[in-house]
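A.B. asks: Got a predicted structure here, sequence first:
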Amino acid sequence: MEKKKPRVAIQGIRASFHEEAAFKFFGEDIETVECNSFKQTFDKLQAKEADYVIMAIENSIAGSILPNYTLLMNYNFPVVGEVYLPIQLHLLAYPGVKFEDIKIVTSHPMALRQCLDFFDDYPNIKLVEGTDTAACAKRVRDEKLTDTVAIANALAAKLYGLEVLESGIESNKTNYTRFLILTEHEFAQKIKANKASLCFQVGNQVGSLAKVLNILAENDVNMSKIQSMPVLGKRNEYTFYLDVEWEKQENYDAAIRQILKHTHNFNILGEYKKNDTV
């Protein structure tokens, strides 16, 4: 019996950084489900029109993508993995177009900002914001543009048949984006996890959050990330999102049992294997 390809919902279109991250996690033998928004990826998973969602959660330059934390809470799909993707940006042109032909460069606003140093030497080139790196590359191909080029990844160049005029034009060569992989509870397999994403609230009293952090330290559980989000309609109340890592499962289990006594609305968003490759 032929193994079914996993259907992976992404925000954006084919050859976007989300699809590149999906390839890195699942391999290239997947069915990509294109979505117009992050919310739509969750809706596809809920409607069983996708098996997985892959979603950017933070970038080393732009920081945390806060609205996506709200989606994690609202839909409550378990996190089953993570992947780190280096962000490498290239100048892509329709075949035959030369650098001196360029009048306009188009891409996602963040991609444009990450390449400003490169364009300092070319003040006559106009930078125009688009919706998505891959969508801009596809437009160059579809409309056969000869004075406009796109900033996108190598995957977009390959898929849309564009030529790389300049490679690696990003200012920060160590920029990466972290993506989370989510699925339905019934598909979440039991694995030997060493990382978890948690969320909870604590009282607005002196030392209430410190008690939780001290419990982690006392049990030799490392907190690798903390993020706070205001609780809607409640002044001075916050939901805290933590990523924690451990070497011994019993240490993590003990920490969770103790933390439950000092928090409310506690939720384990997912337990998974830490990804160390960037």
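C.D. replies: Cool, the structure landed.
A.B. asks: Need the three-state assignment for Leu216.
C.D. replies: helix (DSSP: H, G, I helix; E, B strand; the rest coil).
A.B. asks: ok, which stretches of the chain are helices?
C.D. replies: 17-26, 38-46, 66-75, 109-113, 116-119, 133-142, 154-160, 208-218, 249-259 (DSSP state H).
A.B. asks: Take those helices and lay them out in TSV including mean neighbour count and mean pLDDT.
C.D. replies: Heads up, the C-betas are built off the backbone N, CA and C, glycines and all. Listed next are the helices of the chain as TSV, based on neighbours: other CB atoms under 10 Å; pLDDT from 0 to 100:
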stretch	mean neighbour count	mean pLDDT
helix 17-26	22	97
helix 38-46	20	98
helix 66-75	16	94
helix 109-113	17	92
helix 116-119	14	95
helix 133-142	22	97
helix 154-160	19	97
helix 208-218	16	98
helix 249-259	16	98
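A.B. asks: who wins for proximity to Ile102 among the ones you listed?
C.D. replies: Among the helices of the chain, the nearest to Ile102 by CB to CB is helix 116-119 (10.2 Å).
A.B. asks: Need the CA coordinates for the closest one. PDB is fine.
C.D. replies: Extracted in PDB, the C-alpha atoms of helix 116-119 (Å, rounded to 0.1, in the frame of the first residue of the first chain):
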ATOM      1  CA  LEU A 116      19.000  47.600   2.700                       C
ATOM      2  CA  ASP A 117      22.800  47.600   3.100                       C
ATOM      3  CA  PHE A 118      23.100  46.000  -0.300                       C
ATOM      4  CA  PHE A 119      20.900  48.600  -2.000                       C
END
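A.B. asks: can you give me how far that helix is from the chain middle?
C.D. replies: 25 Å (CA atoms, centre = their mean, to the nearest Å).
A.B. asks: quick one: contacts of it?
C.D. replies: By CB atoms under 8 Å, 6 or more residues apart in numbering, the residues outside helix 116-119 that reach it are Val105, Ile125, Leu127, Glu166, Ile169, Ser171.
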